[in-house]
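Visitor: coordinates only, sequence not included:
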Ligand SMILES: Cc1cc2nc3c(=O)[nH]c(=O)nc-3n(C[C@H](O)[C@H](O)[C@H](O)COP(=O)(O)OP(=O)(O)OC[C@H]3O[C@@H](n4cnc5c(N)ncnc54)[C@H](O)[C@@H]3O)c2cc1C
């Protein structure tokens, strides 16, 4: 039997598995992603990539390409509205313009690009960076011992089996994760509240949509609740149906026994007209759930994406949360695999990501109840928190943050001001006549971001990083040809002689906000704490 050795095995090669492979490759870690399907996604599914996700894709040079494809596929900056029927017009407006009021907090915008168009871009970039994929291959089993993980793979065409030996594995195998089940991890939360369907269809929708700038249209009709999403040139789309019948006592299983005729009827009802010919192309069956795994790690295996958390699509958070899991895990695995950080750093993955997942899942559930399921009791839902706190404002509290913050678990990104545990703020800088974001200074390495009088800290940081064998790039505004137009210190909550250390995932790990003297010793201790090591 063929035997393969890789540092990291990724079970699943869809949105999250591919992202994990890509981010690991960005850190120079060769990962093998094994995917049951024969290629990248064939259904649109996720489309809304939030600013944080685009920021991460920007770090691997994919932002422009994604935006270009998005412009071909979607009305730009489309709104999120509700209707009783598409023909009848809006009954509520949740978001008028996708990027209104959020452009100042990030160099990136929210983008719609469906999963089947995004995945080929991710795959190509991952391969270019050194990742490997095996499609049409099933991971049959995963076992582990103190030295590594062993997985058995089966080629779906030839039936040939092979063995993979890896140091670590990531289970990015989706909501029904076999690996999660094999490891005995349980999902906890609201469980299934609807057996839903996504009906993909073709129809000439131009007469209804040509003058609209809608990206997602919730349908709250006496006979069904769900949402439409349309692509240009409005000749196709999908309708999700979550519940049918009386809204106060709905049928929550619209999936079992759904016929093509009934699916067609749903579409005509939601369109509000039978005059437009419709062809049903495909029906996907899925469960609307809001659950989080009780553990994100079992020994050398980590859950990421839908295997770790499942949420309804209301809010468009599911795929984004998974991509951000992968990004959080990649730098930690890279440091541990290269011997520059101890195993304990990997414990911080669950400590940091599980609370984010729980918060996001609850917010997706709240949006589900508010936007589409009035029958579910509002008593069981958490209060609505604005999107930016969810997308950019979650706060990590772990030993890899110095000191671990004890304040709120999320905040508005305009109010975080470089607090350790929050995403390092975006500030526009100028270098050689070019506009760059502070975020463009970060990379697979640690970064010192300093005020205009923080050169001493920069020197100390270089010395401390050399001692600890960590890569660290120091930048002080006013030097390195970087002009911040006086905006950086306030944004990062530091004095002109102060600085922040940003982790490889773009989160502030520590900052010197007062005028304490620069010290290599302090920074050595800080870098050791941020990597869970000893100075
Ligand atoms: C209608 C709809 C709209 C949505 N819209 C959005 C949105 O706008 N924004 C957003 O962020 N999210 C959205 N989501 C959620 C998003 O689609 C998911 O969160 C995302 O696809 C999860 O990605 P994943 O890679 O974790 O899991 P999956 O996409 O489920 O991928 C798991 C992969 O693992 C493979 N696999 C499983 N078991 C094995 C095995 N044993 N061996 C090999 N391969 C295996 C599967 O074949 C699959 O390809 C939406 C979901 C739906 C249903």
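Guide: Cool, the structure landed. The model shown is predicted, which means the values in this text are computed figures rather than measured ones.

Visitor: what about the nearest residue to residue 174 once chain neighbours are set aside, which SS state?
Guide: Distances taken as CB to CB, 6 or more residues apart in numbering place residue 306 nearest to residue 174, at 4.7 Å, with adjacent residues excluded. From N, CA and C alone the C-beta is placed, and that goes for glycine too. Secondary structure state of residue 306, per DSSP: H, G, I helix; E, B strand; the rest coil, is helix.

Visitor: The residue in the stretch 151-300 of the chain that the ligand sits nearest to in helix, strand or coil?
Guide: Nearest residue of the stretch 151-300 of the chain to the ligand, counting by CB to the nearest ligand atom: residue 174, 2.8 Å away. The assignment at residue 174 comes out as coil when based on three-state DSSP.

Visitor: Repeat that for residue 291.
Guide: Applying three-state DSSP: residue 291 is strand.

Visitor: Pull up the per-residue confidence for it.
Guide: On the pLDDT scale, residue 291 is placed at 98.

Visitor: Grab the nearest non-local neighbour of it.
Guide: The nearest residue in space to residue 291 (CB to CB, 6+ apart) is residue 189, at 3.6 Å.

Visitor: Pull out the buried residues from the helix or strand in which the one you found is found.
Guide: Assigned by DSSP states H and E, residue 189 falls within strand 187-203. Using 16 or more other CB atoms under 10 Å as the test for burial, strand 187-203 gives 187, 189-190, 193-201, 203.

Visitor: Repeat that for stretch 337-356.
Guide: 337, 341, 345-356.

Visitor: Adding secondary structure as columns, could you present those in a markdown table?
Guide: Shown next, in a markdown table, are the buried residues of stretch 337-356 (three-state DSSP):
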| residue | secondary structure |
| --- | --- |
| 337 | helix |
| 341 | coil |
| 345 | helix |
| 346 | helix |
| 347 | helix |
| 348 | helix |
| 349 | helix |
| 350 | helix |
| 351 | helix |
| 352 | helix |
| 353 | helix |
| 354 | helix |
| 355 | helix |
| 356 | helix |
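
Visitor: Quickly check those residues for the two that are furthest apart.
Guide: 337 and 355 (25.5 Å; CB to CB).

Visitor: returning to what we had before: for the strand holding residue 189, name the packing helices and strands.
Guide: strand 236-244, helix 260-271, strand 278-293, helix 344-372 (3 or more CB pairs under 8 Å, 6 or more residues apart in numbering; DSSP states H and E).

Visitor: try 10 Å
Guide: Where contact means 3 or more CB pairs under 10 Å, 6 or more residues apart in numbering; DSSP states H and E, strand 187-203 is packed against strand 224-231, strand 236-244, helix 260-271, strand 278-293, strand 309-310, helix 344-372.

Visitor: Among the ones you listed, show me which one is buried the most.
Guide: Across the helices and strands packed on strand 187-203, the average number of neighbours (mean count of other CB atoms under 10 Å) peaks for strand 309-310, which reaches a mean of 29.

Visitor: Next one: the residue nearest to residue 174 relative to residue 291, how far apart?
Guide: 10 Å (CB to CB, to the nearest Å).

Visitor: ditto for residue 24
Guide: Applying CB to CB to residue 24 and residue 291 gives a distance of 27 Å.

Visitor: In contact with residue 69, which residues?
Guide: Neighbouring residues of residue 69 by CB atoms under 10 Å, 6 or more residues apart in numbering: 111, 113-114, 117-118, 120-121.

Visitor: Out of these, give me the two with the largest separation.
Guide: So, the contacts of residue 69 by CB to CB: farthest apart are 111 and 120, at 15.8 Å.
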